[in-house]
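# Mind looking at a prediction? Sequence and model below.
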Amino acid sequence: MPAPPLPRLMDEDTVDKIASQVQLSGSFLLFMATSGVLASVALLSDSVPILIGSMIVAPLMPPLALVPFALVVNRRGEAGRGLRIALIGLALAFAAAWATTAVMSALGVVAPDAVLMEQPLLQERVHPGWWSMAAALAAGLAGTVAQASEKTDTLIGTVAALALVPAVGASAIAVHVGELAPALGGLLLLGMNVGLIVGMGIVALLASAGRPGLRPLALVPVVVVVVVGLLLAWAQSTDTVSETPPNTGVTSNAGAAPR
């Protein structure tokens, strides 16, 4: 007995609905700036609850989800708009995280002799690994299905799993203290997540459309996965990022051994 077909995830109305949610508005920019501040505070203080808050506040899933949805129906202008708005938001979050770090340092909230890059939560965001790739693959698929089904609770979990803004915040802190390699590590994690959201979104949408929908666009996720894998392998082989963070298994100050 043949397996039942996957439910169709989209039509033109679905794309229109998602596109209507994606606006470069004042509220979007405010939320992105706020998420950057929260990410910086969380990484500097090693606070898991605040870090989760920074992920949930950032309204990034609709603009990123718009990219695969629009590409599948050949609306490249909408796809470009979604990606552009997401990148503007991420750039604003980076600036907010950098400014927060600078202000905290200037006011003495961060001790002058503090080694910021040794914070456990921050270390995890500047050392992407194969586990990061696996999480982004799964979250990209889940996020696309949740966006099509308007499952808000699932979308929140997906955004939290991807941790886009914390990667930006970690890069901003690394730039502030003048450490290039960790900054590149955070940006690599961000690029992996963004690329795999788009790639896995295309996979989910084409699969739901059935075999007639499997057109040359199906090559996009293949290319994304290959490029991300090669970048990660290159980064680890050249020690641009190490394979595992120095504080493996440590997630908060409460569990950290005294230095």
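Thanks, I have it. Note that this is a predicted model, so its numbers are computed, not measured.
# Show which residues not belonging to stretch 84-95 make contact with it.
Residues lying outside stretch 84-95 but in contact with it, judged by Cβ atoms under 8 Å, 6 or more residues apart in numbering, are 22-24, 28-29, 32-33, 35-36, 39, 58-60, 63-64, 164-165, 168-169, 171-172, 190, 194. Just so you know, the C-beta spots here come from the backbone N, C-alpha and C atoms, and that holds for glycine as well.
# Could you measure from residue 36 over to residue 198?
Distance of residue 36 to residue 198, computed by Cβ to Cβ, to the nearest Å: 22 Å.
# the more surrounded of those two?
residue 36 (30 against 25; other Cβ atoms under 10 Å).
# burial count for residue 77?
8.
# ditto for residue 104
Neighbours of residue 104 using other Cβ under 10 Å come to 18.
# Contacts only, for the residue nearest to it when sequence neighbours are not counted.
What sits nearest to residue 104 in space, not counting adjacent residues and going by Cβ to Cβ, 6 or more residues apart in numbering, is residue 110, at 4.8 Å. Applying Cβ under 8 Å, 6+ apart, we find residue 110 in contact with 44, 101, 104, 116.
# re earlier: whichever of the contacts of stretch 84-95 end up buried, select them in ChimeraX.
Selecting the buried subset of these in ChimeraX, with 16 or more other Cβ atoms under 10 Å as the burial test, is done by:
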select :22,28,32,33,35,36,39,58,59,60,63,64,164,165,168,169,171,172,190,194
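# who touches the helix or strand where residue 20 lies?
Secondary structure from DSSP states H and E places residue 20 in helix 12-21. Where contact means Cβ under 8 Å, 6+ apart, the residues beyond helix 12-21 that reach it are 62, 65, 66, 69, 70, 73, 75, 78, 81, 82, 147, 148.
# now do 10 Å
Residues outside helix 12-21 that contact it (Cβ atoms under 10 Å, 6 or more residues apart in numbering) are 8, 10-11, 28, 59, 61-63, 65-66, 69-70, 72-73, 75, 78-79, 81-82, 147-150, 205.
# Inside helices: which ones of those residues?
In helices, judged by DSSP state H, the following of the contacts of helix 12-21 are found: 28, 61-63, 65-66, 69-70, 72, 78-79, 81-82, 147-149, 205.
# For residue 173, give me its contacts.
When contacts are counted by Cβ under 10 Å, 6+ apart, residue 173 touches 39-40, 43-44, 97-98, 100-102, 104-105, 110, 116-117, 119, 122, 125-126, 179, 182-183, 186.
# any idea of the mean pLDDT in the helix holding residue 20?
Model confidence over helix 12-21 averages 83 on the pLDDT scale.
# how far does that helix sit from the chain's center?
Taking the mean of its C-alpha atoms, helix 12-21 sits 22 Å from the chain's own mean (Cα atoms, centre = their mean, to the nearest Å).
# ditto for stretch 166-175
12 Å.
# Stretch 22-34 now?
16 Å.
# quick one: contacts of it?
Applying Cβ under 10 Å, 6+ apart, the set of residues contacting stretch 22-34 from outside is 21, 53-54, 57-60, 62-67, 70, 78, 81-82, 84-86, 88-97, 99-100, 165, 168.
# are any of those residues buried, and which?
By the neighbour-count criterion of 16+ other Cβ under 10 Å, the contacts of stretch 22-34 include these buried positions: 53-54, 57-60, 62-67, 70, 78, 81-82, 85-86, 89-90, 92-94, 96-97, 99-100, 165, 168.
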